[in-house]
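In: Build me a model:
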Amino acid sequence: MPKRGTKYRELRARIAYLGMTQEEVSEAAGHPAKLITTRIVGRVSWKLEEVYDVCRVLGIDHGEIEKYFPPGGGNRDAEKVVQLNR
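Out: Here you go, the predicted structure:
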């Protein structure tokens, strides 16, 4: 199990760099305030439309999606499973 705060590290850093909260990003993207929080902690999987909306708000180029939204949220165990299934 990853340590608290290790999933989606780049996404969290981008939000902090811009001086925003997860709730502010969610609302600016047109979603409920807790959307990002529930996705980052893994309670709910990201939908592609949500990823694009968050990228728009944070100024993330679509070519960088994997950096900010890695498989399993950057959880090394989940990445191993994805690699084994390729």
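
In: the strands in this protein, which residues?
Out: Here the chain has no strands by DSSP state E.

In: how far away is the nearest residue to residue 26 once chain neighbours are set aside from residue 63?
Out: Leaving out its chain neighbours, the residue that sits closest to residue 26 by C-beta to C-beta, 6 or more residues apart in numbering is residue 35, at 4.2 Å. In this view, the C-beta of every residue, glycine as well, is placed from N, C-alpha and C. Between residue 35 and residue 63 the computed distance is 23 Å (C-beta to C-beta, to the nearest Å).

In: Comparing those two, which residue is more hemmed in?
Out: Using other C-beta atoms under 10 Å, the more surrounded residue of residue 35 and residue 63 is residue 35, with 22 against 7.

In: Now for that one: which residues touch it?
Out: 26, 29, 50 (C-beta atoms under 8 Å, 6 or more residues apart in numbering).

In: What is the burial count for the first one?
Out: One way to gauge burial is a neighbour count; for residue 26, by other C-beta under 10 Å, it gives 23.

In: swap in the second one?
Out: When neighbours are defined as other C-beta under 10 Å, residue 29 has 20 of them.

In: quick one: the closest residue to it other than its chain neighbours from residue 24, how far?
Out: Ranked by C-beta to C-beta, 6+ apart and with sequence neighbours excluded, the top spatial neighbour of residue 29 is residue 53, at 3.8 Å. Here the criterion is C-beta to C-beta. By it, residue 53 lies 13 Å from residue 24.
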